[in-house]
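**Q** Just to be clear, the model below is a prediction. Sequence and coordinates:
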Amino acid sequence: MATKLPVYAYYIRNSLDLAKIEQKNVDLPLLSLVRKERNLLVYQSGSDHYVCVYAFGVVTFCCIEDKKEIAKLLKRFAYGEEIEEGKDPKIAPEDFAIVIDPDLPESVEFDRVQLKQLNLEKFLLISHVMAQSVAIDFVEGRIAETQLALERIHLSLEEHGKLVATNTKSILKTVGMSGKMVHFMVTRLALLDKPDITWEDKDAEALFLKLRSMFELDDRFQALRFKLHFIKDSSEMLMDIISTKRMEFMNVIIIVLIAISIFFALLGL
């Protein structure tokens, strides 16, 4: 008989202090810390009830469906502060589940992964890819907002031949954001790295690669890189325009000062 275990992933913010979370949650009811890694805390309650807290700001739940309990845990992991920008925590858009059936072959499908049996290592692979997917959703949202702002600026250049109300500081913040997002994806999300277990277990590696393919992590990462390059190039172009306008303004000031000097010199004669 098949067993279905629901898995959810929530985004809190782009960084979580795991040492602080561990210290402040030693008294979690019914949950015990079963694994601690540099970027991950794993709590367990019962045989198939897991909670994973990732340093890049995502929390996953397996077999925990009580919304009040989930909200309570998310608040604790967020140190009792407001969730990112005051919004509700973001659930993974995929209705994903782990189906355990020893009589069927293992497979990864659109809304589920089918396994003959579940152990902690397999669950961590599934949880890891889901968490990365939800974090990429956050990055995609931030980039979309920036692209919209740049679109308005480009539209003004096309229609009026001048920039809309903007300044060097806002453009520099845009450049900084694009660099921060690349760093977040490569370093904190470790999108280019494979979990250690995949180097030792061929079955684990095969499962990991199938999950990455199903969640389209590689394709989404390449698309985000292209968009970030576009944002960077657009920002540099806008900086050049602003610098040119400043140089023209400075040239006018210099000419005016020279004219004033000549005027007073003539008055003196």
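**A** Structure's in. What do you need? Residues are numbered from 1 along each chain as shown.
**Q** Could you use CA atoms for every contact and neighbour count after this?
**A** Fine.
**Q** and stretch 153-164, how far from the chain's centre?
**A** Offset of stretch 153-164 from its chain centre (C-alpha atoms, centre = their mean, to the nearest Å): 31 Å.
**Q** Just the CA atoms of stretch 233-248, as CSV, please.
**A** Output in CSV follows, covering the C-alpha atoms of stretch 233-248 (Å, rounded to 0.1, in the frame of the first residue of the first chain):
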residue,chain,number,x,y,z
ASP,A,233,24.6,46.5,-18.7
SER,A,234,21.6,48.8,-18.4
SER,A,235,22.8,50.3,-15.2
GLU,A,236,26.3,50.9,-16.6
MET,A,237,24.7,52.6,-19.6
LEU,A,238,22.6,54.9,-17.3
MET,A,239,25.7,55.7,-15.2
ASP,A,240,27.5,56.7,-18.4
ILE,A,241,24.6,59.0,-19.4
ILE,A,242,24.5,60.6,-16.0
SER,A,243,28.3,61.1,-16.0
THR,A,244,28.0,62.7,-19.5
LYS,A,245,25.3,65.1,-18.3
ARG,A,246,27.4,66.0,-15.3
MET,A,247,30.4,66.7,-17.5
GLU,A,248,28.3,68.9,-19.8
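**Q** What is the burial count for Leu266?
**A** Applying other C-alpha atoms under 10 Å, we find 9 residues neighbouring Leu266.
**Q** which ones are touching it?
**A** Not one residue lies near Leu266 by C-alpha atoms under 8 Å, 6 or more residues apart in numbering.
**Q** Helix or strand for it, just tell me which one.
**A** Here Leu266, judged by DSSP states H and E, is contained in helix 217-268.
**Q** And the strands in the stretch 51-200 of the chain, which stretches?
**A** All strands of the stretch 51-200 of the chain, identified by DSSP state E, counting those that start in this stretch, fall at 58-62, 90-91, 97-100, 107-108, 112-115.
**Q** Tell me the strands beside the last one, with direction?
**A** Looking back up the chat, that one is strand 112-115. Next to strand 112-115 in the sheet, as set by DSSP bridges, lie strand 97-100 (parallel), strand 107-108 (antiparallel).
**Q** Could you point out which of the strands of the stretch 51-200 of the chain sits nearest Leu28?
**A** Ranking these by proximity to Leu28 (C-alpha to C-alpha) places strand 58-62 first, at 14.8 Å.
**Q** got the buried residues for stretch 238-247?
**A** By 16 or more other C-alpha atoms under 10 Å, the buried positions in stretch 238-247 come out as 238-239, 242.
**Q** count of residues packed around Gly191?
**A** Check again: residue 191 is Leu, not Gly. Applying other C-alpha under 10 Å, we find 18 other residues in the vicinity of Leu191.
**Q** from now on call the first residue 376
**A** Renumbered: residue one is now 376, and that last one reads Leu566.
**Q** where does the closest residue to it other than its chain neighbours land on pLDDT?
**A** The shortest distance from Leu566 to any non-neighbouring residue, by C-alpha to C-alpha, 6 or more residues apart in numbering, is to Met560 (6.2 Å). Listed pLDDT for Met560 reads 73.
**Q** Tell me, how many residues neighbour Asp486?
**A** 13.
**Q** Also the one 3 residues further on?
**A** As a burial measure, the neighbour count of Gln489 was computed by other C-alpha under 10 Å and equals 22.
**Q** cool, Glu623 as well?
**A** 12.
**Q** now do Leu393
**A** Leu393: 21 neighbours (other C-alpha under 10 Å).
**Q** again with Ile635
**A** 12.
**Q** same thing with the one 5 residues further on?
**A** Using other C-alpha under 10 Å, the number of residues around Ala640 comes to 10.
**Q** helix/strand/coil for Val409?
**A** For Val409, the assignment made with DSSP: H, G, I helix; E, B strand; the rest coil gives strand.
**Q** residues contacting it?
**A** Val409 makes contacts with 417-419, as judged by C-alpha under 8 Å, 6+ apart.
**Q** before we move on, what about Phe596?
**A** Counting by C-alpha under 8 Å, 6+ apart, Phe596 touches 511, 566.
**Q** May I see the buried residues of stretch 547-555?
**A** Within stretch 547-555, the residues that count as buried by 16+ other C-alpha under 10 Å are 547, 549-550, 552-553.
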